[in-house]
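> requesting a structural model of the entry that follows:
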Amino acid sequence: MIAALFPNLQLLNLTYCYNISEEGIFHVLKTCSDIRHLNLRRSLGKKLCGMNFEVPKLEVLNLSYTNVNNETLCVISMCCRGLLQLLLEGCFNVTEKGVKHVLEKCAQLREINLKMCGQVHDDVLASLIFSRPSLRKLSTPYDYQFSDREMELLSLQGCIVC
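Residues are numbered from 1 along each chain as shown. The predicted structure follows:
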């Protein structure tokens, strides 16, 4: 119904909307081709793995505290290549494999939030981050500490770590 009423919708905030179905989200994304910002924080029990269409204008996707996993991130990396900001805080099923897919495919990505993504291991975090030179802001899992050399390289890249 939202898609029919607002076909030019650019921002949709569904935070804490627990009864939203994957099919409903897919319908909005297909119908509202101008959507740039989708906030699903704490509202998605499903994983969005059935998405098989492109969302070329989507720039900001907030999946914090949802049930997404590596398979979801693989799908997102194929369908949402124009992402600038991906928020995954508290996504406990995400590992470096899924993050790697996103960093490889979303060439314009400027910000990624991995706070409390405990399965993204410290030993590969730096190499993942350096693989995407467009990154300008990184929120790390827990209190990851980059070495002085890594911090210097991130600073030269223009990336803020928090």
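
> now do the contacts for the residue nearest to residue 74 when sequence neighbours are not counted.
Ranked by C-beta to C-beta, 6 or more residues apart in numbering and with sequence neighbours excluded, the top spatial neighbour of residue 74 is residue 101, at 4.7 Å. C-beta coordinates here come from the backbone N, C-alpha and C atoms, glycine included. When the contact criterion is C-beta atoms under 8 Å, 6 or more residues apart in numbering, the partners of residue 101 are 70, 73-74, 77.

> can you pick the most crowded of these?
Taking other C-beta atoms under 10 Å as the neighbour criterion, residue 73 ranks highest of the contacts of residue 101 with 28 neighbours.

> what packs against whichever strand or helix holds that residue?
The secondary structure element spanning residue 73 is helix 70-79 (assigned by DSSP states H and E). Packed against helix 70-79 by the contact rule (3 or more C-beta pairs under 8 Å, 6 or more residues apart in numbering; DSSP states H and E) you find helix 96-105.

> now do the helix-or-strand element of the chain with minimal mean pLDDT and helix 96-105, the angle between them.
Every helix and strand in the chain was compared by mean pLDDT, DSSP states H and E; the lowest is helix 122-130, with a mean of 80. Here helix 122-130 runs at 10 degrees with respect to helix 96-105, directions being taken by axes from the mean of the first three to the mean of the last three C-alpha atoms, to 10 degrees.

> buried sites along helix 122-130?
Taking 16 or more other C-beta atoms under 10 Å as the neighbour-count basis, helix 122-130 is seen to contain the buried residues 125-126, 128-129.

> quick one: strands adjacent to whichever helix or strand comes after that helix?
Counting by DSSP H and E, the next helix or strand C-terminal to helix 122-130 is strand 137-139. Sheet pairing of strand 137-139 (DSSP bridges) gives strand 111-113 (parallel), strand 160-161 (parallel).
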